[in-house]
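K.L.:
build the 3D model from these lines:
(one chain, ligands or ions: 1)
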Amino acid sequence: MMILETKGLKYSYQDGTQAIKGVDVKIKKGKKIAFVGKNGSGKSTLFMLLNGTLKPKEGAVYFHGKPMEYDAKSLREVRKSVGIVFQNSDDQIFAPTVYQDVGFGPTNLGYSKEEVEEKVEQTLEYIGITEFKDKPPHHLSGGQKKRVAIAGVCSMEPEIMILDEPLANLDPVGADEILDLLNELNHNGTTLIISTHDVELAYSWADYVYFMTEGNVIGEGLPEDVFRDADLLRKSYLRQPRTLEIYSELERRNLAIRNRFPTSVPELVNSFKPPELMWIEVSADVKEGDIINLGVMHGEYAISSPYEAVNAKVLHIHPDGHAIAEMTRHGIKSGGIVIYDTDRYDEASFRKVVAEEDIDNIGAMGKKSKTLAENNLIDLQITSGVIDKSILMALCGKRSLIMTSGGMVEHAVKRIDGYAENSGIAIQLSLANIERDELDL
Ligand SMILES: Nc1ncnc2c1ncn2[C@@H]1O[C@H](COP(=O)(O)OP(=O)(O)OP(=O)(O)O)[C@@H](O)[C@H]1O
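P.N.:
Residues are numbered from 1 along each chain as shown. The predicted structure follows:
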């Protein structure tokens, strides 16, 4: 279902600059969309058209299939549902305190004083900025201001959040935290639209990508398709994401499994081909093309997980009985991952799980779980990229516990199950305090 759509959208600024020259986009509900393109290609202008801040000169924006209207009442409705976080937080934050700034949206929407208080408290807690609530926003750092700007939009609980360069100027940990927050919002149903110059981010994060130059969309598609299109990248002044570049080089040298297009480090690792060909001695009844089961390898003989079932396909048999065989390996045992739902946290059961499951590393995903860990003095070894790092640990035989909650529990289960299925490596996944059939998988 299309939640937001544009048809033949055009916009020129007062000085005559044609910033948008006929743009058609279709945004599906619940998706993560990235717009990429060089400076001045029209991303910010398009974003302001998408939430009615600007009115198109030609064409139209459709929200839930209806053309957008520009009278005050309709615009108020649209802005409640389509929130925008500007590139420069100073364009967005103007109240004397963080608390008042975050309360501005709900107050404007006509909520009662008590409702506004409740919303603001909840949002500050959710975004992790309660400690700054009485501060003047201009006394905060760039990353802290970005959180306030996001909180200001979140407090209105929009269906769609549009974020112009959400990670620009943030330190790497701050950027990871914002990304974590965005993913959490998306798992809870918010459609997200971002602009970015960061090809790694667009490639690994987005479900769908639009490429813009000079006021036009010049390409769109799934990240693994558009980021392999050298011509499109050149026209957009962008380069290939590193994971894809490394993969392409390995694939060119026949060192990687074909047609994988990894978007994360575990997927990249999973695309490597272990040394494949070996000489084996075969008996007289073996024919070329036969598959020989070589049993289970472990210790120094296992390559990608502690225990591997190894088969050999006989490619060529020499007259002396030696044959060249191609090896395939399937991990049959590896480390594991335990998921703990922090909405049901209780200290005794948590400590018991950590001890009984023989946990090496604890990670927390989502602001709520991280805060819970901090308040309960739980030492976290993994705080960003939690699922991927836990998978990488499991591949080395380690056991990780992921603390998370809400829609993120399902997301983690799906991602780990999906990795195990695609790689053939049996990562042991268990749920500590929630049943599988309670999840929407
Ligand atoms: N207020 C304005 N008046 C006149 N021209 C403008 C105005 N704002 C933007 N433009 C022009 O419109 C075009 C598109 O600008 P826009 O800010 O939408 O691009 P962008 O893709 O968001 O760029 P960046 O990646 O640098 O943020 C540019 O040529 C810009 O100079």
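
K.L.:
C-alpha only now, for contacts and for neighbours.
P.N.:
Fine.

K.L.:
residue 10 falls within a strand, correct?
P.N.:
Yes. Checked against DSSP: H, G, I helix; E, B strand; the rest coil, residue 10 lies within a strand.

K.L.:
which positions in the stretch 1-150 of the chain make contact with the ligand?
P.N.:
13, 15, 17, 19, 38, 39, 40, 41, 42, 43, 44, 45 (CA under 6 Å from any ligand atom).

K.L.:
residue 252: how many residues sit nearby?
P.N.:
Using other CA atoms under 10 Å, residue 252 is surrounded by 11 other residues.

K.L.:
wait, I meant residue 423
P.N.:
When neighbours are counted by other CA under 10 Å, residue 423 registers 16.

K.L.:
do residue 114 as well
P.N.:
9.

K.L.:
repeat for residue 229
P.N.:
Residues lying near residue 229 (other CA under 10 Å) number 12.

K.L.:
and the pLDDT at it?
P.N.:
At residue 229, the model reports a pLDDT of 93.

K.L.:
next, the distance between the ends of stretch 149-158.
P.N.:
By CA to CA, to the nearest Å, the extent of stretch 149-158 from end to end equals 14 Å.

K.L.:
before we move on, the earlier item: okay if I get the residues of the stretch 1-150 of the chain next to the ligand as CSV plus pLDDT?
P.N.:
Shown next, in CSV, are these (pLDDT from 0 to 100):
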residue, pLDDT
13, 96
15, 95
17, 94
19, 96
38, 88
39, 90
40, 92
41, 94
42, 96
43, 96
44, 95
45, 96
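
K.L.:
if any of these are buried, put those into a PyMOL selection.
P.N.:
Buried residues among those (16 or more other CA atoms under 10 Å), as a PyMOL selection:
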select buried, resi 19+38+41+42+43+44+45
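
K.L.:
tell me which two in the residues of the stretch 1-150 of the chain next to the ligand are the farthest apart.
P.N.:
Put simply, by CA to CA the two of those set farthest apart are 15 and 38, 21.3 Å from each other.

K.L.:
redo the residues of the stretch 1-150 of the chain next to the ligand as JSON lines? Include distance to residue 429 and secondary structure.
P.N.:
Below are those laid out as JSON lines (distance: CA to CA, whole Å; DSSP: H, G, I helix; E, B strand; the rest coil):
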{"residue": "13", "distance to residue 429": "55", "secondary structure": "coil"}
{"residue": "15", "distance to residue 429": "59", "secondary structure": "coil"}
{"residue": "17", "distance to residue 429": "55", "secondary structure": "coil"}
{"residue": "19", "distance to residue 429": "50", "secondary structure": "strand"}
{"residue": "38", "distance to residue 429": "42", "secondary structure": "coil"}
{"residue": "39", "distance to residue 429": "44", "secondary structure": "coil"}
{"residue": "40", "distance to residue 429": "46", "secondary structure": "coil"}
{"residue": "41", "distance to residue 429": "45", "secondary structure": "coil"}
{"residue": "42", "distance to residue 429": "45", "secondary structure": "coil"}
{"residue": "43", "distance to residue 429": "41", "secondary structure": "helix"}
{"residue": "44", "distance to residue 429": "42", "secondary structure": "helix"}
{"residue": "45", "distance to residue 429": "45", "secondary structure": "helix"}
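
K.L.:
wait, which of the residues of the stretch 1-150 of the chain next to the ligand is closest to residue 166?
P.N.:
residue 44 (12.1 Å).

K.L.:
leaving aside the residues adjacent along the chain, what's closest to the residue of the stretch 251-400 of the chain found nearest the ligand?
P.N.:
Proximity of the stretch 251-400 of the chain to the ligand (CA to the nearest ligand atom) peaks at residue 263, 23.6 Å away. With CA to CA, 6 or more residues apart in numbering as the criterion, residue 263 has its nearest non-adjacent residue at 4.9 Å, and that residue is residue 204.

K.L.:
summarise which helices and strands the helix or strand harbouring that neighbour is packed against.
P.N.:
Using DSSP states H and E, residue 204 maps to helix 199-205. When contacts are defined as 3 or more CA pairs under 8 Å, 6 or more residues apart in numbering; DSSP states H and E, helix 199-205 sits against strand 32-37, helix 223-226.

K.L.:
hmm, 6 Å instead?
P.N.:
Packing partners of helix 199-205 (3 or more CA pairs under 6 Å, 6 or more residues apart in numbering; DSSP states H and E): none among the helices and strands.

K.L.:
just the CA coordinates of that helix, formatted as PDB?
P.N.:
C-alpha atoms of helix 199-205 as PDB (Å, rounded to 0.1, in the frame of the first residue of the first chain):
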ATOM      1  CA  VAL A 199      26.500   5.200   0.400                       C
ATOM      2  CA  GLU A 200      27.300   2.600   3.100                       C
ATOM      3  CA  LEU A 201      24.200   3.700   5.100                       C
ATOM      4  CA  ALA A 202      21.900   3.800   2.100                       C
ATOM      5  CA  TYR A 203      23.000   0.400   0.900                       C
ATOM      6  CA  SER A 204      22.900  -1.400   4.200                       C
ATOM      7  CA  TRP A 205      19.900   0.300   5.800                       C
END
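
K.L.:
buried residues in that helix?
P.N.:
For helix 199-205, burial by neighbour count (16+ other CA under 10 Å) applies to 199, 200, 202, 203, 204, 205.

K.L.:
contacts only, for residue 207.
P.N.:
The contact partners of residue 207, by CA atoms under 6 Å, 6 or more residues apart in numbering, come to 32, 33.
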